[in-house]
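Asker: Need a 3D model of the following:
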Amino acid sequence: MAHDSDLPCDGDGRCMICKISPPLEETLTCKTCVTPWHLNCLSARPQTLTDAAQWECPDCSILVSSHPPPSTVTSGSEPSAALIAAIRAIESDVSLSEQDKAKRRQQLLSGGGSDDGDKATNANNEIGVGGDSDVLKLLSGSLNCSFCMQLPERPVTTPCGHNFCLKCFEKWVGQGKRTCAICRTSIPPKMASQPRINSSLVIAIRMAKLTKSNAASGPPKPYYSVLNQNRPDKAYTTDRAKKSGKANACSGKIFVTVPPDHFGPILAENDPERGTGVLVGETWEDRMECRQWGVHLPHVAGICGQSHYGAQSVALSGGYEDDEDHGEWFLYTGSGGRDLSGNKRTNKTQSFDQKFEKYNEALRVSCRKGYPVRVVRSHKEKRSAYAPEKGVRYDGIYRIEKCWRKPGIQGYKVCRYLFVRCDNDPAPWTSDENGDLPRALPFIKELKNATDVTERKNTPSWDYDVEKACWLWKIAAPESRKHIDNGDVEDGNSTRKVRRKTQTVSVSERLLKEFCCFICHKVMSLPLTTPCAHNFCKSCLQETFSGQTFMKERTCEGRRTLRAQKNIMKCPSCSNDISEFLQNPQVNRELMSVIESLQRQMKETEKSDDIIALEGVKDTNERTDDDKNVLVAKTSHKSNKVSVETGDEVTKGSTSGG
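Answerer: Purely as a prediction, here's the structure:
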């Protein structure tokens, strides 16, 4: 690798050291890797024009000096010197254009093998050849993690436009490295400490996997989008409520038919509005709107439950510093321990110990009996990589395996609960097409000093069935203590089941809908991925902040000039500052190649459909012409027969008459 002081230009032709775009006369191109370098920022410059024509960048020169180039190249898995020799062979091929040379260099550097297999590889990578079954191959060829060389699991996108697995990225950052593993662009400190999962890539990879599994198992299953397009009406309906915020939101309509103390998921039969039930990954604007769909009824409290009955749902919103979120399992802190008297409703300082009572006791009852608990995550949880970018999201069913008490960070005892995910649908942050399987409990260090430990001894009510391969009620769900009002049949307000109609849409169209800009809501062109994991068109994002400067000048009442202040530019989808990202936004080339391939496939599909339709019309016209000819022949034959018979009768008549 090159010296730390030697860095090339990025994809936009901007030097990574001085942060300027050098003119062509100050740019030096490596003859081996064809990478542009800023001449003034090089530690060792070529002395003559001949040296400049045969100049090699520091990366290639180090490889050549450590490994002398062999006479022949046998395969793409040889040492680095063989790779350089193969690149030089591509550059010396006069029959190739510059674009073909770039493609072959890229394939060679990505481990694609020799040049002879280029055509076959390109043919396999063309998405239009295999249709929807090749979507997974397309994504795996363009979006693979550079560490594990697999499709990213819980993908994280750096500001320079490269995708990694969350675990791989955290391991890389944990080693003290603050630059991208591919292009060596610096990673913002906030993203390094709090990486965000790119939800658009999660859904795209999951859809591609579902397409492959459905193609192998039979007819495709209907795909329900988890982006909550069918949003309900707002909780407030009057002008008075709008002026005062959402004061009377609790009186808003509940759109599902489950009682307030309903345990487990909300199924399709309990959803007369859409007929789909509440889907994992469904998001709402706030807790008020989440309440309308029965997932988590309290709009302030984090626990929904009754001390002698059990807890139905919890909300993760970053209320306690002791919480630990690991996605499939998390450590949850109970309620209480704070002085909320008077106007101290937002007090976050703990002043006494928590006890197993009220809501905390409800969670312990659910732990003992193994009840399913619905979990929602809020964007207010800033410490978790699994929190949504905005709003409130339903993350599925969890089960409480253990609960205990231990001294918290603020010195007072807190009630702690171990939640483990056990849902039949995949989590919103994973690209798996199947739900959870029974997993071993994680090792919890704080249990050594814990007191009042409670573990479940009997069979859980909600458990995994091996024969049916799903989570279900092993013991009948507790009966509701609330009356369900289904409406008056005479008034015509009774609930009715509505089946959702599914349209036949190709996988490419569905994927392109997921790759839409958050500003113009169209398929992205030159996509940008911000450090907060939001995707925009480059033009849309730049137009949003057009006319704004990165630094604003200040004066003290016109008398003297103050120090310039940084201009905060908030992301259009969240409140994160992206001003540093906007100074040099890098296009997500991997995502752009996927979008272009999908658009190419759609055009080829439309052409093939038009050809089939024209052939069908031609066949129909030919059949119609044949039918007309047959009909004319039959008619003429019938008319001749009738005329003959009529002539005979006339002849007979004339003879008899004579």
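Asker: And the residue nearest the centre of the chain?
Answerer: Central residue of the chain (CA atoms, centre = their mean): Ser199, 2.4 Å from the mean position.
Asker: Verify the contact between it and His534 for me.
Answerer: No - if you go by CB atoms under 8 Å, Ser199 and His534 don't touch, sitting 9.1 Å apart. For glycine as for every other residue, the C-beta is placed from the backbone atoms N, C-alpha and C.
Asker: hey, what's in contact with both of these two?
Answerer: Glu389 (CB atoms under 8 Å, 6 or more residues apart in numbering).
Asker: gap between the residue nearest to the centre of the chain and Phe515?
Answerer: 12 Å (CB to CB, to the nearest Å).
Asker: for Gly336, same thing?
Answerer: 45 Å.
Asker: Comparing those two, which residue is more hemmed in?
Answerer: Applying other CB atoms under 10 Å to Gly336 and Phe515 shows that Phe515 carries more neighbours, namely 21 against 18.
Asker: quick one, what contacts the more buried one?
Answerer: Neighbours of Phe515 in contact, by CB under 8 Å, 6+ apart: Ser200, Ala204, Val523, Met524, Pro527, Asn535, Leu591, Val594, Ile595, Leu598.
Asker: Looks to me like Met288 is in a strand.
Answerer: No - counting by DSSP: H, G, I helix; E, B strand; the rest coil, Met288 is not found in a strand; it is helix.
Asker: Tell me the confidence at it?
Answerer: Looking at Met288, its pLDDT reads 84.
Asker: same question, Cys165
Answerer: So, for Cys165, pLDDT stands at 90.
Asker: Next up, the contacts around it.
Answerer: By CB under 8 Å, 6+ apart, Cys165 lies in contact with Cys145, Phe147, Cys148, Gln150, Pro152, Glu153, Arg154, Pro155, Val156.
Asker: And those residues, which two are furthest apart?
Answerer: Gln150 and Val156 (14.1 Å; CB to CB).
Asker: more crowded one of those two?
Answerer: With neighbours defined as other CB under 10 Å, Gln150 and Val156 compare such that Val156 has more, 26 against 12.
Asker: Validate this expectation: that one resides in a strand.
Answerer: Yes - assessed by three-state DSSP, Val156 belongs to a strand.
Asker: my guess is it meets Ser199, correct?
Answerer: No - checked against CB under 8 Å, the pair Val156 and Ser199 is beyond contact range at 11.3 Å.
Asker: Surely Pro460 and Arg399 touch.
Answerer: Yes - using CB under 8 Å, Pro460 makes contact with Arg399 at a distance of 6.6 Å.
Asker: joint contacts of those two?
Answerer: Joint contacts of Pro460 and Arg399 (CB under 8 Å, 6+ apart) are Gly370.
Asker: Could I get the full set of strands for the stretch 1-150 of the chain?
Answerer: Taking DSSP state E, counting those that start in this stretch, the strands of the stretch 1-150 of the chain run over residues 27-29, 36-38.
Asker: Can you say which of those is packed in most?
Answerer: Counting by mean count of other CB atoms under 10 Å, strand 36-38 has the highest mean neighbour count of the strands of the stretch 1-150 of the chain, with a mean of 22.
Asker: What helices and strands are in contact with that strand?
Answerer: Here strand 36-38 touches strand 27-29, going by 3 or more CB pairs under 8 Å, 6 or more residues apart in numbering; DSSP states H and E.
Asker: what's the strand it packs on in contact with?
Answerer: Outside strand 27-29, the residues that touch it by CB under 8 Å, 6+ apart are Cys9, Gly13, Thr35, Pro36, Trp37, His38, Leu39, Leu42, Pro46, Ala52, Trp55.
Asker: got a list of what the fifth one touches?
Answerer: It stands for Trp37. Per CB under 8 Å, 6+ apart, neighbours of Trp37: Asp6, Pro8, Cys9, Thr27, Leu28, Thr29, Cys30, Cys57.
Asker: Out of the residues you listed, the closest to Gly547 would be?
Answerer: Using CB to CB, those come closest to Gly547 at Cys9, 28.0 Å.
Asker: so that closest one touches Cys15, yeah?
Answerer: Yes - the criterion here is CB under 8 Å, and Cys9 meets it with Cys15 at 5.3 Å.
Asker: Now do the shared contacts for the two.
Answerer: With CB under 8 Å, 6+ apart, Cys9 and Cys15 have common neighbours Pro22, His38.
Asker: what about the strands in the stretch 501-650 of the chain?
Answerer: 527-529, 535-537, 551-556, 560-566.
Asker: list the buried ones in stretch 275-286?
Answerer: Of all the residues in stretch 275-286, those buried under the rule 16 or more other CB atoms under 10 Å are Thr276, Gly277, Val278, Leu279, Val280, Gly281, Glu282, Thr283, Trp284, Asp286.
Asker: for it, how far is the first residue from the last?
Answerer: One end of stretch 275-286 sits 22 Å from the other (CA to CA, to the nearest Å).
Asker: same check, this time on stretch 521-541
Answerer: Note: stretch 521-541 ends 12 Å apart using CA to CA.
Asker: and what of stretch 550-567?
Answerer: 5 Å.
Asker: quick one: it to chain centroid distance?
Answerer: Here the centre of stretch 550-567 is set off from its chain's centre by 41 Å, with CA atoms, centre = their mean, to the nearest Å.
Asker: again with stretch 33-51
Answerer: For stretch 33-51, the distance to the chain centre is 41 Å (CA atoms, centre = their mean).
Asker: Tell me the buried residues in it?
Answerer: Residues of stretch 33-51 classed as buried: Cys33, Pro36, Trp37, His38, Leu39, Cys41, Leu42 (neighbour count, 16+ other CB under 10 Å).
Asker: about what we covered before: shared neighbours of Val156 and Ser199, anything?
Answerer: The contact sets of Val156 and Ser199 overlap at Ala533 (CB under 8 Å, 6+ apart).
Asker: Which positions within stretch 370-383 qualify as buried?
Answerer: Quick answer for stretch 370-383 (16+ other CB under 10 Å): Gly370, Tyr371, Pro372, Val373, Arg374, Val375, Val376, Arg377, Ser378, His379, Glu381.
Asker: What does the pLDDT read for the closest residue to Ser307 other than its chain neighbours?
Answerer: Using CB to CB, 6 or more residues apart in numbering and skipping the chain neighbours, the partner closest in space to Ser307 is Glu361 (4.2 Å). In this prediction, Glu361 carries a pLDDT score of 95.
Asker: Now do Glu361: how many residues are near it, please.
Answerer: Glu361 has 20 neighbours, counted by other CB under 10 Å.
Asker: Give me the distance between it and Cys403.
Answerer: Taken as CB to CB, the span from Glu361 to Cys403 is 10 Å.
Asker: swap in Glu455?
Answerer: For Glu455 relative to Cys403 (CB to CB), the value is 8 Å.
Asker: Now do the shared contacts for the two.
Answerer: Common neighbours of Glu455 and Cys403 (CB under 8 Å, 6+ apart) are Cys367.
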